[in-house]
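>>> Sequence plus the predicted model coming up.
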Amino acid sequence: MNYLPFQLSALALSFFSAALIAVENTNPDELPAEIIVVTAQGQQSPWIGSAASSFRKSFERQPLQTDAASLLQHIPGIQADSRANYAQDSRLSARGFGSRSSFGIRGIRLLQDGIPLSSPDGQGQFSSVLLDQLASVEVLTGPLAVLYGNAAGGVVALQSRWPTENSASVQLSHSQFARQQLLSAAVVKGKHASSLSLKNAELQSQRAHSDAKKQQAQWLWQSAFENELTLQLRYDWSYDPLLQDPLGLTAQEWQEDPRQTAANALTFDTRKFTKQQQWSINLSQQFADQSWRVAAWFGQRDVGQYLGFDGSAPTSAGGVVDLSRPYQGVDASYSWQFDKVRLSVGGALEQSTDERRGYVNNQGVQGDLRRDEEGEVQSADLYSRFVWDLDPAWQLSGGVRHSDLDFDVTDFYSTAQNPDDSGSTAFARTSAALALNFAQSEYVSWYISAGRGFETPTFTEMAYQSSGEGLNLGLKESTNQQWELGNKWQQDNWRSSLAVFLVESENELVVDQSSGGRTSYRNASETKRTGVELSTLWFASASWQHQWTLTQLNARFTQGALDGKLLPGVAKQQAQWQISWMPLQSSEWMLQFDTLYRGKIATSDQNLLFAPSATVYHLKLVTETALSNLQLRYWLGVDNLTDKNYVGAVVVNQANGRAFEPALPRSVSLGLNLSF
């Protein structure tokens, strides 16, 4: 079933963009960011007036970044684990959603400037994002997140740093594990603004066979036209020519020497390369009582990967992966502002195609063909959201979203020993959420919310069965029901939020077996997650700032043979404390000290082995100097200050026991930012 002629989308988008740029325009107003939650009108701040469990973090004066996990620290409900393995990307979960992922991101909706970074089936990754050019991130968890459709256990919305003035800069960073260079330039002329950024990075960990090379580019264009019409264009390009994979370690190997590399990594020369490019467009118009927005995107991601086994068996999918994924989509919405009600309706169409081949891995050399198939997923969504100000103190908000997803796989490689694995399946689900907010005063508010969402298996999760042949089409979508009670408070130099939540799921997707680069999945009966999240920010003085984040999450299976077992990959406790000191009461000097604690993590459903808890300390010093129009910024960073040996991330349900991915030891980095 085709929802729109996707093959014409690239041509149409290019023509449409060129026509818009030629329009005569007027005011160069700043373009609006993606709105995650519509908030109340009134005297209280938008944050106090919202019933959403959301957290916004701005990025200023940041050293060059190598890992998205470091940017997402100090966000309640988020577990961001750094693998120190650039072939597998950062590991991210939100209130337990996404914890099953053996690589990339699952169960969390990723957006950048309102454009999805996640594919329709729920797969996503940060590897293509130019992290250093982000202005902020907003994270939405809880019941209202389900209004973003399939696999939206949480929403991570990134906002690019759009140009506002003429500038040019060069940034350099060096440590024993990373060497990075970033060049950026921006031009603002009249009603248009454009910027170009180029980055090169050479990375490694303390382990042999862990070298990585990454190159990225980003082009941004924004304009303001007559009648409040605004336009954003973005082009992203990334190329990773080499991402070596040292593989995980067993508990004994990690304890003996966390710097060692798995033998299979050297035998089969485990490595990966990726290339991705994407065009995105946002067109919107804002009036006093109504607004509209249209977003479109298309791109392609290419991946080649050598796994830690040969994959030579006749029924194997091979030990070398060759994947090409073209994708595209469009999202449009219209909003009306009535006396006390704001109503939005919209729809989205998305499509991605996995053109996948598998070959025998002859000890690091590509061999005979073992897999040749094409998998296509299409999604069609209709959604509506509302915010109703019942009176100055009470607000009711919510929405509904219906999603249809079609999965179709065509197998071009079939033999007497490897039968045809073609197949198709479809899912149709409606997500809904409702929230009530009471603003006790302009400083304090209370809210309660409930929602029901769902998550389909991805193509990757359907690829294998733990026993038998063919696609795992027996997988069902998991469903979840969420409830949350929260409080927000801000006054003078304090800002705090507290959330208590319950999540109950059915047919939870969990890892069934993971060995040698091949992971199969199954549906668990039921799970239950209860938790508390606390976040507090205190501006003690013009020189001192403190931020505390605490997450307590009890995530367990509640039925069958696993009843009472902890959900693997999920820390029960997380605590973070950040102290910032600016001795000159300005940005000229800043010293920042971070304390991060993460509790023990089960590595499998049976809870037979746990990665131990760890407390890690980071230190950062940033200084700024201005010379006429020239600005110099220096930074000195020390990560893992005490050189602690700890597990950065786990690979859940790894059948061969190689579940531990060691974190980096103490690392000292120096950086320079020269901007004009």
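Alright, I've got the coordinates.

>>> isn't residue 192 right next to residue 225, touching?
No - the pair residue 192 and residue 225 does not pass the contact test of CB atoms under 8 Å, sitting 10.2 Å apart. To be clear about C-beta, it is placed using only N, CA and C from the backbone, and glycine gets the same treatment.

>>> higher neighbour count, these two?
residue 225 (19 against 16; other CB atoms under 10 Å).

>>> Residue 265 looks like it's in a helix, true?
Yes - with DSSP: H, G, I helix; E, B strand; the rest coil as the criterion, residue 265 is assigned to a helix.

>>> list the contacts for it?
209, 244-247, 308 (CB atoms under 8 Å, 6 or more residues apart in numbering).

>>> Of those, which belong to strands?
Using DSSP state E, residue 244 are the members of these that sit in strands.

>>> Select only the buried ones of the contacts of residue 265 in PyMOL?
Command for PyMOL that selects the buried part of the contacts of residue 265, burial taken from 16 or more other CB atoms under 10 Å:
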select buried, resi 209+244+245+246+247+308
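
>>> Got phi/psi on residue 459?
phi -60, psi -40 (degrees, to the nearest 10).

>>> biggest strand in the chain by residues?
strand 366-389.

>>> Render the CA-only coordinates of it in PDB, please.
Extracted C-alpha coordinates of strand 366-389, given in PDB (Å, rounded to 0.1, in the frame of the first residue of the first chain):
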ATOM      1  CA  GLN A 366      34.000 -10.300   2.400                       C
ATOM      2  CA  GLY A 367      33.100 -13.700   1.100                       C
ATOM      3  CA  ASP A 368      30.000 -15.400  -0.500                       C
ATOM      4  CA  LEU A 369      26.500 -14.100  -0.400                       C
ATOM      5  CA  ARG A 370      24.200 -15.300   2.400                       C
ATOM      6  CA  ARG A 371      21.400 -12.800   2.500                       C
ATOM      7  CA  ASP A 372      19.700 -10.500  -0.100                       C
ATOM      8  CA  GLU A 373      16.400  -8.900   0.900                       C
ATOM      9  CA  GLU A 374      14.400  -5.700   0.800                       C
ATOM     10  CA  GLY A 375      12.300  -4.500   3.800                       C
ATOM     11  CA  GLU A 376       9.900  -1.600   3.500                       C
ATOM     12  CA  VAL A 377       8.000   0.100   6.300                       C
ATOM     13  CA  GLN A 378       5.400   2.800   5.700                       C
ATOM     14  CA  SER A 379       3.500   4.700   8.400                       C
ATOM     15  CA  ALA A 380       0.400   7.000   8.200                       C
ATOM     16  CA  ASP A 381      -0.600   9.000  11.300                       C
ATOM     17  CA  LEU A 382      -3.400  11.300  12.100                       C
ATOM     18  CA  TYR A 383      -3.300  13.300  15.300                       C
ATOM     19  CA  SER A 384      -5.000  16.000  17.300                       C
ATOM     20  CA  ARG A 385      -4.000  17.900  20.500                       C
ATOM     21  CA  PHE A 386      -5.700  20.400  22.700                       C
ATOM     22  CA  VAL A 387      -5.100  22.700  25.600                       C
ATOM     23  CA  TRP A 388      -8.200  24.100  27.500                       C
ATOM     24  CA  ASP A 389      -7.800  26.800  30.100                       C
END
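
>>> so where's the chain uncertain?
For the chain, the stretches with pLDDT under 70 are 1-49, 467-470, 514-518.

>>> Geometric centre of it: which residue is closest?
residue 110 (4.7 Å; CA atoms, centre = their mean).

>>> any idea what sits nearest it, other than its immediate chain neighbours?
Closest residue to residue 110 apart from its sequence neighbours, by CB to CB, 6 or more residues apart in numbering: residue 117 at 3.8 Å.

>>> swap in residue 321?
That would be residue 305: by CB to CB, 6+ apart, it lies 4.3 Å from residue 321.

>>> And the one you found, its phi and psi?
Backbone torsions for residue 305, taken as degrees, to the nearest 10, come to phi -140, psi 140.

>>> And it, how far from residue 357?
12 Å (CB to CB, to the nearest Å).

>>> Now do the shared contacts for those two.
With CB under 8 Å, 6+ apart, residue 305 and residue 357 have common neighbours 321, 323.

>>> now the helices: where do they sit in the protein?
9-21, 68-71, 251-256, 263-267, 459-462 (DSSP state H).

>>> Residues in contact with the second one: which ones?
By that I understand helix 68-71. Taking CB under 8 Å, 6+ apart as the rule, helix 68-71 contacts 57, 59, 62, 65, 80-82, 89-92, 126, 129, 131, 134, 137.

>>> if we can go back for a sec, report the beta-bridge partners for the residue nearest to residue 321.
With DSSP bridges as the criterion, residue 305 is bridged to residue 272, residue 321.

>>> And it, how far from residue 498?
From residue 305 to residue 498 the distance is 43 Å (CB to CB).
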